[in-house]
Every structure is written in structure tokens, then in C-alpha cells.
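Participant: Structural data only, the sequence is not supplied:
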């Protein structure tokens with residue numbers, strides 16, 4: 001009888017332990033479900049929960065128990081979340097410069113992704129890929145998808161603005177005319193005006209940029225001002241270039257790549273090769289995601305260094321361009337120049 005009672009007691013204890021263990025497992029699963037995203041804040045802190053939505057205006061975070069917290073968009077630095085295998089593979093492909101493979105993977109990931117805010121981030125990555133591949137019209141179309149979903153997108157730095165003084169393809173020029181004249185929002189008007197600055201519609205584009213520079217969307221206004229500089233690089237005075245430099249330093253870091261390129265053109269036209277090279281190198285070092293602009297910047301920085309009689313330093317930049325930005329239009333130029341410099345040294 002004692003043995004039977006002992007066995008019964010043991011069974012009850014095991015049952016209670018199993019219940020406790022089950023509760024612990026359940027609690028762990030709930031905690032994981034409600035803390036799957038990590039939000040990094042501008043204050044340096046971070047908070048966890050499940051991101052319900054994230055736009056340029058605000059981030060909505062659901063906490064354990066169903067409570068919701070709203071965080072202003074300008075206080076959010078980054079969000080860590082679980083990635084699908086396709087997105088993770090896409091990131092790796094983009095990191096090694098295989099933008100075609102990355103593009104295909106991001107498209108698959110976006111189609112399968114149920115979270116709207118993550119789909120927006122994937123759309124931004126798709127824009128970056130099209131830009132790197134030189135597919136400007138497709139990049140612009142995807143950007144329109146992004147901005148329609150979130151007019152104040154925190155991914156504004158992916159906007160495929162024109163910074164080089166080259167005319168757009170005919171189809172893109174026609175679309176840009178519509179964007180400038182339409183009412184799809186300031187970011188779309190900025191996109192259109194930037195591509196029209198190198199066309200016969202330049203006066204109209206410049207007028208639209210000046211209007212945007214006075215608008216309430218600060219990020220768009222800052223980029224619009226920098227776009228107007230493109231019309232002044234041939235005549236700008238050194239003191240004005242210094243003012244441009246100060247203006248760039250007040251911009252959000254993610255928006256500085258294109259403005260630095262315009263600043264470099266101004267310094268170059270003044271014969272200030274060192275200053276031009278420094279501005280270009282900032283792009284190549286800090287904004288490598290701007291793949292084609294970074295490649296062009298390396299090429300031009302090398303040219304500036306050659307003017308300063310620094311062929312060895314120029315050669316290092318050309319080698320970096322050929323190695324890391326091999327799929328840019330500037331890469332063949334750099335390869336040819338390396339051969340010429342090697343013959344000169346020989």
C-alpha cells in the first residue's frame with residue numbers, strides 16, 4: 001500500500017512538474033512572439049515588441065498583453081526583424097555585387113511577405129538593385145510604388161535622382177514631365193524635376209525645385225536645394241562652395257551622397273583638385289550603396305589625384321573601382337587607365 005501511495009504521489013509530482021514545464025515553454029513562446037522585433041531609437045536605447053506598422057511618420061509597436069506604443073518616425077534609427085531566407089539570400093547577393101540575383105530574391109520575398117511595412121523595405125531594396133543595374137526607369141517605377149504606400153518613407157535615400165549631367169532616356173523624360181506637373185506628392189515631383197534638369201525643360205524643372213525647397217517636407221526640401229546647385233557648378237564662387245559644404249553637413253547622413261557629388265563638381269571647376277577629390281572620396285567610402293555614383297566618384301577622384309601628380313594614389317582608386325564596382329560604366333575606363341599608368345611607370 002505504501003508503495004502504491006508513493007507511486008501515486010510521484011505521479012502527481014511529475015504531473016505538476018510537467019504542467020510547470022509546459023507553462024514555461026508556453027511563456028517562452030509568447031515572449032518570443034511579442035518580442036520578435038527590436039526597435040533602435042535615436043536616443044541610443046532600444047525597445048522590443050511586434051512592429052504593426054512603420055512609416056516615416058510613426059512606428060506602431062505592439063507589446064506583450066496587446067498594448068500598443070506609438071513612436072515618432074524621426075526617433076527610429078533602425079528596426080531588426082526576422083528575415084525570410086529569400087531576403088537574407090538577397091542581402092548576401094547584393095553585398096557581393098550580384099544585383100540581378102538579389103533583385104529576383106527580393107521580388108520573391110516581397111510577394112510572400114504578409115507584413116506591409118516589411119514589403120515597403122523590400123521595395124526599397126528592389127529600387128537599389130535597379131539603380132545598381134542601371135535600370136533607371138524600373139527604379140523610378142518601384143520608387144513610385146514605395147512612395148504611394150508611404151509618402152514620408154524613411155527609405156527616401158533610395159530615390160533614383162539624377163546627379164550626373166546626362167539626359168534621361170526618352171521614356172523617362174516623358175514620365176518626369178508628368179511627375180513634375182502632377183500631384184503625386186513632393187518626392188515624386190522632386191524625382192521628375194531632377195531628371196528634367198538635363199533637358200530642354202530645365203527652366204520648368206528648376207522652378208519646381210525652388211518651390212519644393214520651400215515646402216514642409218524637410219528631407220525633400222534639402223534634396224531640392226542640392227539639385228538646384230547642379231545649375232550653378234560652372235559659375236559658383238569658392239565662398240558659396242563652402243556654404244554648400246556646411247549645408248550638406250546639416251542634412252541627414254543618408255541623404256548626402258548626391259549633394260557631395262555636386263559639391264565636388266563645383267570644386268573641380270574652381271581647379272581645387274584636392275577639395276574635389278575629398279568630396280568624391282566621401283561618396284566612395286560612406287555611400288557605397290549608391291553603386292554607380294560611388295564608382296563614378298572613384299574614377300573622378302582618381303583623375304583629381306593625377307592632376308595633383310599622385311599617380312600611385314590614383315592607381316589604388318582605379319584598382320578599387322575595377323575590383324569593387326566592376327559593373328559600373330566607369331570600370332572599363334579605370335582598367336584602361338591602369339594599363340596606361342603601368343606602361344608609363346615601366
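Facilitator: The structure has been received and is ready for your questions. Just so you know, these numbers come straight off a predicted model, no measurement behind them.

Participant: right, and the secondary structure at residue 39 would be what?
Facilitator: strand (DSSP: H, G, I helix; E, B strand; the rest coil).

Participant: next one: residue 261
Facilitator: Per three-state DSSP, residue 261 ends up helix.

Participant: Next one: residue 105 from residue 335, what distance?
Facilitator: Applying C-beta to C-beta, to the nearest Å, the value for residue 105 to residue 335 is 29 Å. Heads up, the C-betas are built off the backbone N, CA and C, glycines and all.

Participant: Which one's more surrounded, the two?
Facilitator: residue 105 (25 against 14; other C-beta atoms under 10 Å).

Participant: so the more buried one is in which element?
Facilitator: Residue 105 belongs to helix 99-112 when elements are defined using DSSP states H and E.

Participant: starting at the chain centroid, how far to that helix?
Facilitator: Centroid separation for helix 99-112 versus its chain: 17 Å, with C-alpha atoms, centre = their mean, to the nearest Å.

Participant: Around residue 82, count how many other residues there are.
Facilitator: 10.

Participant: Name the next helix or strand downstream of the helix holding residue 105, please.
Facilitator: Following helix 99-112 in sequence, per DSSP H and E, is helix 116-132.

Participant: what comes into contact with that following helix?
Facilitator: If you take C-beta atoms under 8 Å, 6 or more residues apart in numbering as the criterion, helix 116-132 is touched by 51-55, 81, 87, 90-91, 94, 99-100, 102-103, 106-107, 109-110, 113, 136, 138-139, 142-143, 145-146, 149-150, 153, 155, 158-160, 289-292, 327.

Participant: tell me which residues of it are tucked away?
Facilitator: 117-132 (16 or more other C-beta atoms under 10 Å).

Participant: so residue 53 sits right up against residue 59, yeah?
Facilitator: Yes: assessed by C-beta atoms under 8 Å, residue 53 is found in contact with residue 59 at 7.2 Å.

Participant: Who has more neighbours out of those two?
Facilitator: The residue with more neighbours, out of residue 53 and residue 59 and counting by other C-beta under 10 Å, is residue 59; that gives 25 against 16.

Participant: if we can go back for a sec, now which of the contacts of helix 116-132 would you call buried?
Facilitator: Buried among the contacts of helix 116-132 (16+ other C-beta under 10 Å): 51-55, 81, 87, 90, 94, 99, 102-103, 106-107, 109-110, 113, 136, 138-139, 142-143, 146, 150, 153, 155, 158-160, 289-292.

Participant: Tell me the spacing between residue 286 and residue 255.
Facilitator: According to C-beta to C-beta, residue 286 and residue 255 sit 12 Å apart.

Participant: Compare the two (neighbour count), which wins?
Facilitator: Using other C-beta under 10 Å, the more surrounded residue of residue 286 and residue 255 is residue 255, with 19 against 15.

Participant: quick one: which of the buried residues of helix 116-132 is nearest residue 201?
Facilitator: residue 131 (22.5 Å; C-beta to C-beta).

Participant: before we move on, back to that, take the buried ones among the contacts of helix 116-132 and keep only those in strands.
Facilitator: 51, 52, 53, 54 (DSSP state E).
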